[in-house]
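Visitor: Got a sequence here, can you build the structure:
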Amino acid sequence: MAKKIVKNGLLVDGNGGEPEKGSIVVVDGSRIVYVGAENDYLATGEESVVDAQGGTILPGIIDTHVHMMMEFSPVSQRLETPFSFKYYQAAKYLENTLHAGITSVRDALGTDLGVKKAIKEGLISGPRLQLSINALTITGGHGDGYTVSGNTVDLLDSDYPGMPSGKCDGVAEVRKKTREMLRAGAEVIKVHATGGVLSATDHPEFTQFSPDELKAIVEEGQFRKGVKVMAHAQGAEGIKNAVRAGIHSIEHGIFLDDETIELMIENGTYLVPTLLAPVAVLETADEKGMPDSAVEKSKEVIEQHRESFTKAYKAGVKIAMGTDAGVMKHGTNLRELGLMADGGMTPMETIVASTKTAAECLGWEDKVGTLEQGKLADLIIVKGNPLEDIYSLADNDTIQVVVKNGKVEKNTLV
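Guide: Sure thing, here's the model as predicted:
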């Protein structure tokens, strides 16, 4: 693979510093070999050129909370869909995500090891995946598809080869379930520490799993060379339990109080806010057949969610971009940056949260997240300057070039 020179664009490297004019990125194979002034690079003339045409060159975006095997659909439609069909749907979701400028994701449940293998071996295109396999949930909690009718209707099929059921109660059971997820290929453990918006039989403020159960989950991850735990956690008490147990990141974080925020800062806990999730529930309720309970809970929490995000941001909590894509359409993820800006972040801070900090949250800061020599060649070129209009990134036509592992996956400039 010949070297590529990416040039003629404003360079935003993901570190949060001043954008640079006149800088280039040189890619050799799957790696970045040079970032700096064009005048200081001695070209051989054999390099291919990717001309940014006055746009902005950014690191590949990282979404730390997605569900690649689903997009929410009415129950009737799910009941009429053959099991294997979802893999063909997922191939399109993955492609849409990649073409939206997202080159790495952390899957927060539902995607099995075969999907990651298919991307790695080039059978399908998609972002780099970090898998949780399935989420651990208590009986009757968020993730238990039991409905008031007495029937079980799960958002995703589980308990098939490669996808263990996540339902467990008590320390012994959570240890076993954590081990089952690790055996199935989990690179991060997902746990539901509170109720949620989409679950029919609980509420976001309901606390799930005891402190001892959460500590056992964290401990099992630590036995596997430090596998981290991410927690769906919306109510304050459940979030505190998760942070005290040593959980690495809090997903959603709707009801954050001052004590919770102090604990998160003290423990270095990440917040993955997913501000887009309740917004999407309200926007697509009729189209997607969202349950009335989810619509009502979204209306109840949406303002509190925004306030908690702003409070955490101002206090200095580490924030990594995540969307809960799958609740909404894949490929619409970058609307999240505009919502974070609405919550008080500067445009540059939203980009850092979506690149450098997100990579740190995934433990991948040594290979992605910033444009630096030696890192994997994940970069995008966007039309115009997103620092002047961060909302423009929500339009996929703004994302003109996507490079992952040195391979051009999308190019509308040619």
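Visitor: Pull out the buried positions in stretch 70-89.
Guide: Neighbour-count burial for stretch 70-89, with 16 or more other CB atoms under 10 Å as criterion, is recorded at M70, E71, F72, R78, K86, Q89. Every residue, glycine included, has its C-beta placed from N, CA and C.
Visitor: Would you quantify the distance from the third one to V218?
Guide: Translated: F72. 30 Å (CB to CB, to the nearest Å).
Visitor: Off-centre distance for stretch 403-414?
Guide: 21 Å (CA atoms, centre = their mean, to the nearest Å).
Visitor: Give me the contacts around it.
Guide: For stretch 403-414, the external contacting residues (CB atoms under 8 Å, 6 or more residues apart in numbering) are 1, 4, 6, 27-31, 50-53, 60, 98-99, 103, 125, 127-128, 376-381, 397, 399-402.
Visitor: Kindly report the same for stretch 330-339.
Guide: 61, 63, 66, 68, 71, 93-94, 96-97, 99-102, 274-276, 279-280, 306, 321-323, 325, 347, 350-351, 354, 386, 390-391, 393-394, 396, 399.
Visitor: Can you find which helix in this protein contains the most residues?
Guide: Of all the elements of type helix in the chain, the one with the most residues (DSSP state H) is helix 292-315.
Visitor: what mean pLDDT does the helix or strand that that one is followed by have?
Guide: Next in sequence after helix 292-315, counting helices and strands by DSSP states H and E, comes strand 318-319. Averaged across strand 318-319, pLDDT comes to 98.
Visitor: now stretch 44-54
Guide: 95.
Visitor: For that stretch, list every residue counted as buried.
Guide: Per 16+ other CB under 10 Å, stretch 44-54 contains these buried residues: E47, V50, A52.
Visitor: Stretch 346-362 too?
Guide: Here stretch 346-362 shows 347-362 as buried, counting by 16+ other CB under 10 Å.
Visitor: what does stretch 334-342 give?
Guide: L334, R335, E336, L337, G338, L339, M340.
Visitor: mind checking the SS state of the fifth one?
Guide: This points to G338. helix (DSSP: H, G, I helix; E, B strand; the rest coil).
Visitor: SS state for the residue nearest to T207 when sequence neighbours are not counted?
Guide: Of all residues beyond its chain neighbours, the one nearest T207 is G238 (4.3 Å), with distances taken as CB to CB, 6 or more residues apart in numbering. Classification of G238 by three-state DSSP places it in helix.
Visitor: Might you report the residue contacts of G238?
Guide: A193, T194, E205, F206, T207, Q208, A231 are the contacts of G238 under CB under 8 Å, 6+ apart.
Visitor: try it again with 10 Å
Guide: 192-195, 204-209, 214, 231-232, 250, 255, 260 (CB atoms under 10 Å, 6 or more residues apart in numbering).
Visitor: which of the residues you listed count as buried?
Guide: Buried, going by 16+ other CB under 10 Å: 192-195, 204-209, 214, 231-232, 250, 255, 260, out of those.
Visitor: And these, which is closest to N15?
Guide: Distance to N15 across these (CB to CB) is lowest for I250, with 24.6 Å.
Visitor: Hmm, G268 and the closest one touching each other?
Guide: No - when contacts are counted by CB atoms under 10 Å, I250 is not listed as touching G268 (11.7 Å).
Visitor: shared neighbours, those two?
Guide: V243, V317.
Visitor: lowest average confidence, helix or strand, in this protein?
Guide: Between all helices and strands in the chain, the lowest mean by mean pLDDT, DSSP states H and E belongs to helix 285-288, at a mean of 72.
Visitor: Report all helices and strands that that one contacts.
Guide: helix 292-315 (3 or more CB pairs under 10 Å, 6 or more residues apart in numbering; DSSP states H and E).
Visitor: and stretch 5-14, how far from the chain's centre?
Guide: For stretch 5-14, the distance to the chain centre is 24 Å (CA atoms, centre = their mean).
Visitor: List the buried residues of it.
Guide: Quick answer for stretch 5-14 (16+ other CB under 10 Å): I5, V6, K7, N8, G9, L10, L11, V12, D13, G14.
Visitor: Show me where the protein has its helices.
Guide: Going by DSSP H, the chain shows helices at 75-79, 85-99, 113-120, 171-183, 211-223, 236-245, 258-267, 276-283, 285-288, 292-315, 335-342, 347-353, 356-362.
Visitor: For the fifth one, output the C-alpha coordinates as PDB.
Guide: In PDB, the C-alpha atoms belonging to helix 211-223 read as follows (Å, rounded to 0.1, in the frame of the first residue of the first chain):
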ATOM      1  CA  PRO A 211     -22.900  -3.200  46.200                       C
ATOM      2  CA  ASP A 212     -21.500  -6.700  46.800                       C
ATOM      3  CA  GLU A 213     -22.800  -7.900  43.400                       C
ATOM      4  CA  LEU A 214     -21.300  -4.900  41.600                       C
ATOM      5  CA  LYS A 215     -17.900  -5.400  43.400                       C
ATOM      6  CA  ALA A 216     -17.900  -9.100  42.400                       C
ATOM      7  CA  ILE A 217     -18.500  -8.100  38.700                       C
ATOM      8  CA  VAL A 218     -15.600  -5.600  38.900                       C
ATOM      9  CA  GLU A 219     -13.400  -8.200  40.600                       C
ATOM     10  CA  GLU A 220     -14.000 -10.800  37.900                       C
ATOM     11  CA  GLY A 221     -13.000  -8.200  35.200                       C
ATOM     12  CA  GLN A 222      -9.800  -7.400  37.100                       C
ATOM     13  CA  PHE A 223      -8.900 -11.100  37.100                       C
END
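Visitor: what sits up against that helix?
Guide: Contacts of helix 211-223 (CB under 10 Å, 6+ apart): 136, 138, 168-179, 181-182, 186, 188-191, 193, 208-210, 227-229, 231, 233, 238, 240-248.
Visitor: ok now it, how far from the chain's centre?
Guide: 23 Å.
Visitor: Pull out the buried positions in that helix.
Guide: For helix 211-223, using 16+ other CB under 10 Å, the buried residues are E213, L214, K215, A216, I217, V218, E220, G221.
Visitor: Buried residues, stretch 55-68. List them.
Guide: In stretch 55-68, counting by 16+ other CB under 10 Å, buried: 55-68.
Visitor: Show the end-to-end separation of it, please.
Guide: End-to-end span of stretch 55-68 (CA to CA, to the nearest Å): 29 Å.
Visitor: One more: stretch 273-291?
Guide: 22 Å.
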